[in-house]
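Asker: below: sequence and its predicted model.
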Number of protein chains: 2
Amino acid sequence: MIIGQRNRLQYIILGLLNQRPQTGYDLAKAFENEIGEFWQAQHSQIYPMLKRMETSGDITHEDTVTGEKLAKKQYSLTPAGHAKLVAWVSEPSPELSATKDEFILKLYFIKTAADPRLQPMLQEQAVLHRAQLAHLKQRRETVFPDQAAIDQAYGHYLILDHAIGREQYYVDWLEKFLR
Amino acid sequence: MIIGQRNRLQYIILGLLNQRPQTGYDLAKAFENEIGEFWQAQHSQIYPMLKRMETSGDITHEDTVTGEKLAKKQYSLTPAGHAKLVAWVSEPSPELSATKDEFILKLYFIKTAADPRLQPMLQEQAVLHRAQLAHLKQRRETVFPDQAAIDQAYGHYLILDHAIGREQYYVDWLEKFLR
DNA sequence: GGAAAACATGTAATTAATTACATGTTTTTA
DNA sequence: TAAAAACATGTAATTAATTACATGTTTTCC
């Protein structure tokens, strides 16, 4: 089983499983929550990837049961998988992040500051991004209530801090052009 | 020919062609330059899309020749295409932007502030993002030397301003954690 | 106790996107 | 004037990603 060098999803999964053994369902949740700001993947992409990664020897799973009969697969790293993760983290990351933002593209097609559509569009986005900012700040409060929590999951703290700052910038930028 | 509602590439192409008739090559350049910060598409995605859009009646093309025999296709909007563009811009944009950032993900897997890989990683990214910031600022200087230029392409100015602010935030954030 | 939400795992079909293949012209620059 | 870079257009193959299909269990809440 050959998994392409460029396939970044596998490395992210390796990183998640390195934190603790998890199920495909748990991983899907992580893509919705803590890392969803910087990478996205659906469960339909995750389950097949877990199979490929197990075949290629980077992870293994243990079958467990919740309650009477709900089957779960707890995946964890093999030594080979751990080595692959360490190598990936140490590699340079020369590619700048890629953003797809439909709203910003729409703005590109607004020709003048007097266009009557402009202010409502900015207003609508401000509502969305203020809500997202509030949500992220709330998460920081609950996940990192004290310094000990930060020290225990420093990387998680870093990216949440980055996401909050980025969202704050987005809101500030929108408000700069709102009147 | 049915083109899915969700296919955003077509709308972006419509917006670009609404500014002026352009070739597929010109569009590919736009995705590398002015709008590349917020959407990406290769020429191999653009040419087939232009065909589909022409078949569906949203654009047409005119064959022109440069020099002796270099054939070009200048695409432009039909009334139907223009209507589609206007409808798209007026629609709400309820989805927050999606970012994929491999570097930030790597940070997530750094467990402590003392990890020896952390500072070099931040340093490397700072080099990249400072360069990108300088590049964007340079572009603003050349593309928008005066207020008249801004007024003529306000949307373009808006998104370049947004890109610069975002990059500035990224650099500031990296420097906050650099020592 | 019943309904709804959350947990849990998969596959199938389709669409989106990248990388590679393929070819030729025109302009710029050394 | 030769080479390199930029202009110009496509297709093929592959990979990535989304949406839809499909099923069943456990927990929570009313």
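Answerer: Received the coordinates, thanks.
Asker: give me the element A:Q45 is part of.
Answerer: For A:Q45, the host element (DSSP states H and E) is helix A:43-55.
Asker: which residues are there in chain A that come within reach of DNA strand C?
Answerer: Residues of chain A lying close to DNA strand C (Cβ under 7 Å from any atom of the strand) are A:6, A:23-26, A:28-29, A:43-44, A:47-48, A:50-51, A:66, A:70-73, A:98, A:100. C-beta: built from backbone N, CA, C; applies to glycine.
Asker: make it 10 Å
Answerer: Listed as neighbours of DNA strand C in chain A under the rule Cβ under 10 Å from any atom of the strand: A:4, A:6, A:22-29, A:32, A:42-51, A:54, A:61, A:63-67, A:70-75, A:95, A:98, A:100.
Asker: in strands, which of those fall?
Answerer: Among the residues of chain A next to DNA strand C, DSSP state E puts A:61, A:63-66, A:70-75, A:98, A:100 in strands.
Asker: may I ask which of the residues you listed has the most neighbours?
Answerer: Highest neighbour count within those: A:Y75, with 23 neighbours (other Cβ atoms under 10 Å in any protein chain shown).
Asker: quick check: bridge partners of that one?
Answerer: A:Q22, A:H61 (DSSP bridges).
Asker: just list the residues touching it, thanks.
Answerer: By Cβ atoms under 8 Å, 6 or more residues apart in numbering or on different chains, the contact set of A:Y75 is A:L17, A:P21, A:Q22, A:T23, A:G24, A:L50, A:E54, A:I59, A:T60, A:H61.
Asker: would you turn these into a markdown table with pLDDT?
Answerer: Below are these laid out as a markdown table (pLDDT from 0 to 100):
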| residue | pLDDT |
| --- | --- |
| A:L17 | 98 |
| A:P21 | 98 |
| A:Q22 | 97 |
| A:T23 | 98 |
| A:G24 | 98 |
| A:L50 | 98 |
| A:E54 | 98 |
| A:I59 | 98 |
| A:T60 | 98 |
| A:H61 | 98 |
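Asker: for ChimeraX, what selects the buried ones among those residues?
Answerer: Per 16 or more other Cβ atoms under 10 Å in any protein chain shown, the buried members of these correspond to this ChimeraX selection:
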select /A:17,21,22,23,24,50,54,59,61
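Asker: now A:T99. Nearest residue, chain neighbours left out?
Answerer: Distances taken as Cβ to Cβ, 6 or more residues apart in numbering or on different chains place B:T99 nearest to A:T99, at 4.7 Å, with adjacent residues excluded.
Asker: measure the one you found to B:L105 for me?
Answerer: Distance of B:T99 to B:L105, given as Cβ to Cβ, to the nearest Å: 11 Å.
Asker: swap in A:V86?
Answerer: Taking Cβ to Cβ as the measure, A:V86 falls 14 Å from B:L105.
Asker: same check on A:G36?
Answerer: Per Cβ to Cβ, A:G36 is found 11 Å from B:L105.
Asker: between those two, which has more neighbouring residues?
Answerer: Remark: of A:G36 and B:L105, B:L105 carries more neighbours, 23 against 16, as counted by other Cβ under 10 Å.
Asker: I figured the more buried one hits A:A41, correct?
Answerer: No. Look at B:L105 against A:A41 with Cβ atoms under 8 Å: they stay out of range, at 11.4 Å.
Asker: overlap in contacts, those two.
Answerer: Common neighbours of B:L105 and A:A41 (criterion: Cβ under 8 Å, 6+ apart): A:I12.
Asker: would you list every one of the helices in chain A?
Answerer: Along chain A, the stretches classed as helices by DSSP state H are A:8-19, A:24-32, A:43-55, A:79-90, A:102-108, A:118-143, A:147-152, A:154-177.
Asker: touching chain B at all, stretch A:78-93?
Answerer: Yes. Against chain B, stretch A:78-93 shows contacts by Cβ under 8 Å from any Cβ of the partner chain at A:L85, A:W88, A:V89, A:S90, A:P92, A:S93.
Asker: A:L158: which of those is nearest?
Answerer: Comparing the residues of stretch A:78-93 next to chain B against A:L158 with Cβ to Cβ picks out A:V89 as the nearest, at 13.4 Å.
Asker: domain ranges for chain A, per the record?
Answerer: A:8-90, A:102-177 (automatic domain parsing).
Asker: redo these as JSON lines? Include distance to B:L178.
Answerer: Output for those, formatted as JSON lines (distance: least, Cβ to Cβ, whole Å):
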{"stretch": "domain A:8-90", "distance to B:L178": "18"}
{"stretch": "domain A:102-177", "distance to B:L178": "12"}
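Asker: what would those look like in TSV with distance to DNA strand D?
Answerer: Formatted as TSV, these follow (distance: least, Cβ to the nearest atom of the strand, whole Å):
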stretch	distance to DNA strand D
domain A:8-90	3
domain A:102-177	12
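Asker: how far is the helix holding A:Q45 from where the chain is centred?
Answerer: Mean C-alpha position of helix A:43-55 versus that of the full chain (Cα atoms, centre = their mean, to the nearest Å) differs by 18 Å.
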